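K.L.:
Got a predicted structure plus its sequence, pasted below:
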Amino acid sequence: MKTGIFICHCGHNIKHTIDVKKVAEYFRKYPGVTVSEDYPFVCSEPGQDMISDSIAKQGLDRVIIASCTPSLHGELFKDLLKKSDLNPFLLRRVSIREHCSWVGDDVETNTEKAKRLILAGLYSAAHYVPLEEKVVDVTKSALVIGAGVSGLSAAAFLSKMGMQVYLVEKEAELGGHVRALNNIWPAGKDGKDIIDEMVRELAGRDNVEIFTSTTISAFEGFFGSYEVTLDTPKGERKLTAGGAIVAIGFSPFDPSIKPELSYGKDKRVITTLEFEEKGNTLKLPEKPRIAILHCVGSRDEQIGKPYCSRVCCINALRVADAVKENYADSYVESFYMDVRAHPRGGEEYFEDTQEKGVLFTRANVAEIVPTPTGVMIRGEDTLFGETFEREFDLVVLSIGMSPPVDNKLISSLLKITLDKDKFFLEAHIKLRPFDTAVKGIFIAGSCSGPKDVEESINHGRASAVKLFGFLNLGYAFVDPFISYVDPKRCSGCRMCEQACVAKAIKYDEEKRVVHVEEAACMGCGLCNATCPSSAIGLKGYIDCMIDDEISAFLEAM
Amino acid sequence: MAEETKNKNPEIVGFACSFCTFKASEMAGSLRMKYPEGVKLIQVPCSSRVDPAFVIKAIFEGADGAFVAGCHPGDCHFIKGNYFTRRKIAALKEMFDAFSMKEKLRLFWVSAAEARRFVEKVTGMYNEIKERKNEREKA
């Protein structure tokens, strides 16, 4: 066996706490190791060339790359092996960055740990065999869950490219929250117009099927052919989708969770969304006194919402602006923590609002108390360090975004994960912001974290583009990590048949042994762990690989 | 590793499901969270892939502890693999208990987003085992 070990410095990321030279030196004398090199960036062009040169010159038959975590650059190194005429499943990635250099500070212990981890890779790779990737058919259709702006823009793109699109909306009307918004900043368009435009685009297409007042009752299968069951007003409907985009949006924060704000108890305390709806019909005195509270339901550890909702500062500015437009003699005071008017033109808008005479007070508001002549705000001015009490005719709470109400339901149906704030978690925050951990399922819009209208539309389109790239091929490669049965060892006890969740194991009455239906096998390895005669193995994770990894961690060095 | 330090610091072998705990451990790394170097992970496609024999082997070969970590009940990518794990590990724990080494085996549920929980769990286990070890040495 000719194994090549390539250890990455990752600039300073790995090198600063692991003595890479020592590790490379250590493995050079190991039996079966032909090459053991360290390199500043293995993923760079020269780094890749070094590996392919070694494969060609030394005739390597196992490649071990000790670098970042396997999910990063996985495809890159697989392709590199393919180009070098080596089966990509003879590659072993050892994570010495996320699992070693970044989690410990001591150079000596980290170096020892890195040695152990690479040794485990070396032992395990010795059992590797060339595998062929499975090819599965991909249905050219997409399920879009949620018909808000992001869902609609995703559906519009996919249908334009000729994909069959199933658009599912829980409510009776399309458009989500945006439909109710007027005069959306910065363009000044009404939400209804934006939605109508998008819906008109979809309505003219044959390849779009829209389900309103519909929920999803089951979601099964794998990338390429997800079996979806919809609960429509006309009854149950089953369909097959190649992939899915989750765009179920957000739910507005409910300020009644904070009783000190008197929301719901006094009509003069309203939210920005309510101001949006009925701002023009409010009965206000000639010279109204209006207070606006920022960060209601955002940046608040106590109620479990430590994140910034990103859109509410602009909303608060819009309210202030609207009041100043309608009542020139009004007194408008904005109580803020920080003003984060982040979108393009936001800072200028903030300046404009200040020039129009809106007062900005950096404050922590303690409570809102109804009085006979108005509502009293008590709080602390955090710049002057003084407490204050002021009376207003109307208080507008600039509410933030909370996770969607159906987040738990969708996450358990689709087997995708929620993050700590209960929004959907992306596969990688920088490199794969639209993907989930499940292949073929993407997230779009504010269900993955607070986003404004523009960002939601962009996010929806981006997810649609990524899904289109997956679906349009019509086929997909799936990891060949499936189970196989050694009929000579199989005793026919059928324990695996009972255990298999995917019902991929079938019993042969004549031969009295089982076999695996390859297309159905999900590759969890449960049968492998269940078999009392060790007749079943899960390719890529067979017993002796894991056994040897354990030995590598614990044997004397 | 020098013999004395090796004896003092526990070695823990963890079996981590690649859909949740392994992802959480990656995230813990990216967030530069620290946990003891004695904790080493073996990636498995699902926690149900873990044969109790692996855990026993790890203990036999000298590990001071072993843990199996998977997705929260109901969140399994393979639909219900982790329910099988739960039953298997419960049975294995009974057996470990008979040999008075129940504390050497743990089962955690850690989702892909719970990097902090992962670090807390492994560090907690490590410290507990280390304490017991020190006590035993003193005795």
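P.N.:
Sure, I can see it.

K.L.:
Chain B: strands as residue ranges?
P.N.:
Here chain B has its strands, by DSSP state E, at B:12-17, B:39-44, B:65-70, B:105-109.

K.L.:
Same list, those strands, but as a markdown table with mean neighbour count and mean pLDDT please.
P.N.:
C-betas here are computed from N, CA, C, even on glycine. Listed next are these as a markdown table, based on neighbours: other Cβ atoms under 10 Å in any protein chain shown; pLDDT from 0 to 100:
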| stretch | mean neighbour count | mean pLDDT |
| --- | --- | --- |
| strand B:12-17 | 27 | 96 |
| strand B:39-44 | 23 | 95 |
| strand B:65-70 | 27 | 96 |
| strand B:105-109 | 21 | 95 |
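
K.L.:
can you redo the ones you listed as JSON lines with distance to residue A:489?
P.N.:
JSON lines is the format used below for the strands of chain B (distance: least, Cβ to Cβ, whole Å):
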{"stretch": "strand B:12-17", "distance to residue A:489": "24"}
{"stretch": "strand B:39-44", "distance to residue A:489": "22"}
{"stretch": "strand B:65-70", "distance to residue A:489": "25"}
{"stretch": "strand B:105-109", "distance to residue A:489": "28"}
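
K.L.:
Could I get these in CSV, plus columns for distance to chain A?
P.N.:
Below are the strands of chain B laid out as CSV (distance: least, Cβ to the nearest Cβ, whole Å):
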stretch, distance to chain A
strand B:12-17, 6
strand B:39-44, 5
strand B:65-70, 9
strand B:105-109, 12
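
K.L.:
out of the ones you listed, which comes closest to residue A:85?
P.N.:
strand B:39-44 (27.0 Å; Cβ to Cβ).

K.L.:
Return the list of helices and strands in contact with the closest one.
P.N.:
For strand B:39-44, the packing partners by 3 or more Cβ pairs under 8 Å, 6 or more residues apart in numbering or on different chains; DSSP states H and E come out as helix A:107-125, helix A:543-554, strand B:12-17, helix B:21-30.

K.L.:
in chain A, which strand has the most residues?
P.N.:
When chain A is parsed with DSSP E, its longest strand is strand A:359-371.

K.L.:
which of the residues in that one are buried?
P.N.:
Neighbour counts over strand A:359-371 (16 or more other Cβ atoms under 10 Å in any protein chain shown) mark A:360-363, A:365, A:368 as buried.

K.L.:
swap in stretch B:109-124?
P.N.:
B:109-115, B:117-119, B:121-122.

K.L.:
okay, which residue is most central for chain A?
P.N.:
Chain A has residue A:426 as the residue nearest its centroid, 1.6 Å off, counting by Cα atoms, centre = their mean.

K.L.:
So what's the residue count around the residue nearest to that one when sequence neighbours are not counted?
P.N.:
Closest residue in space to residue A:426, ignoring its immediate chain neighbours: residue A:433 at 5.0 Å, by Cβ to Cβ, 6 or more residues apart in numbering or on different chains. Counted by other Cβ atoms under 10 Å in any protein chain shown, the residues lying close to residue A:433 total 17.

K.L.:
Residue A:433 and residue B:121: what is the separation?
P.N.:
28 Å (Cβ to Cβ, to the nearest Å).

K.L.:
And residue A:416, by the same measure?
P.N.:
The value you get for residue A:416 to residue B:121, if Cβ to Cβ is used, is 22 Å.

K.L.:
same check, this time on residue A:501
P.N.:
Taken as Cβ to Cβ, the span from residue A:501 to residue B:121 is 26 Å.

K.L.:
residue contacts, residue A:139?
P.N.:
Residue A:139 makes contacts with A:224-225, A:240-242, A:471, as judged by Cβ atoms under 8 Å, 6 or more residues apart in numbering or on different chains.

K.L.:
Assign it to helix, strand or coil.
P.N.:
Following DSSP: H, G, I helix; E, B strand; the rest coil, we place residue A:139 in the coil state.

K.L.:
what residue is smack in the middle of chain B?
P.N.:
What sits nearest the mean C-alpha location of chain B, by Cα atoms, centre = their mean, is residue B:67, with 2.1 Å.

K.L.:
Contact partners for the spatially closest residue to that residue that is not a sequence neighbour?
P.N.:
Leaving aside its chain neighbours, residue B:67 sits nearest to residue B:106 (4.1 Å; criterion: Cβ to Cβ, 6+ apart). Going by Cβ under 8 Å, 6+ apart, residue B:106 touches B:65-68, B:121, B:125.

K.L.:
could you measure residue B:106 against residue A:291, distance?
P.N.:
From residue B:106 to residue A:291 the distance is 53 Å (Cβ to Cβ).

K.L.:
And the helices in the stretch 301-450 of chain A?
P.N.:
Using DSSP state H, counting those that start in this stretch, the helices of the stretch 301-450 of chain A run over A:312-326, A:346-355, A:407-414.

K.L.:
Pick the most buried one from those.
P.N.:
Ranked by mean neighbour count, the helices of the stretch 301-450 of chain A are led by helix A:312-326 with a mean of 22 (mean count of other Cβ atoms under 10 Å in any protein chain shown).

K.L.:
just to revisit the earlier point, pick the most deeply packed of the helices and strands packed on strand B:39-44.
P.N.:
Most buried among the helices and strands packed on strand B:39-44, given mean count of other Cβ under 10 Å as the contact rule, is strand B:12-17, at a mean of 27.

K.L.:
low-confidence ranges in chain B?
P.N.:
Within chain B, the segments meeting pLDDT under 70 span B:1-7.

K.L.:
how deep is the nearest residue to residue A:544 once chain neighbours are set aside tucked in, by neighbour count?
P.N.:
For residue A:544, ignoring the flanking residues on the chain, the nearest one in space by Cβ to Cβ, 6+ apart is residue A:127 at 5.4 Å. Residues lying near residue A:127 (other Cβ under 10 Å) number 14.

K.L.:
swap in the one 3 residues further on?
P.N.:
The tally of other residues near residue A:130 (other Cβ under 10 Å) stands at 11.

K.L.:
need the contact list for the residue lying closest to it once chain neighbours are set aside.
P.N.:
What sits nearest to residue A:130 in space, not counting adjacent residues and going by Cβ to Cβ, 6+ apart, is residue A:87, at 3.6 Å. The neighbours of residue A:87, taking Cβ under 8 Å, 6+ apart as the test, are A:81, A:130-131.

K.L.:
ok, 10 Å please
P.N.:
A:61, A:78, A:81, A:128-133 (Cβ atoms under 10 Å, 6 or more residues apart in numbering or on different chains).

K.L.:
which among the residues you listed end up buried?
P.N.:
A:61, A:78, A:81, A:128, A:131.

K.L.:
Check whether the last one really touches residue A:481, as I assumed.
P.N.:
I take that to be residue A:131. Yes. If you go by Cβ atoms under 10 Å, residue A:131 and residue A:481 touch, sitting 8.0 Å apart.

K.L.:
any shared contact partners between those two?
P.N.:
By Cβ under 10 Å, 6+ apart, the residues touching both residue A:131 and residue A:481 are A:89, A:539-540.

K.L.:
Restrict these to those that also contact chain B, please.
P.N.:
Restricting these to those within reach of chain B (Cβ under 10 Å from any Cβ of the partner chain) leaves residue A:540.

K.L.:
Just give me the closest of the shared contacts of residue A:131 and residue A:481 to residue A:274.
P.N.:
Of all the shared contacts of residue A:131 and residue A:481, residue A:274 sits closest to residue A:540, with 56.0 Å by Cβ to Cβ.
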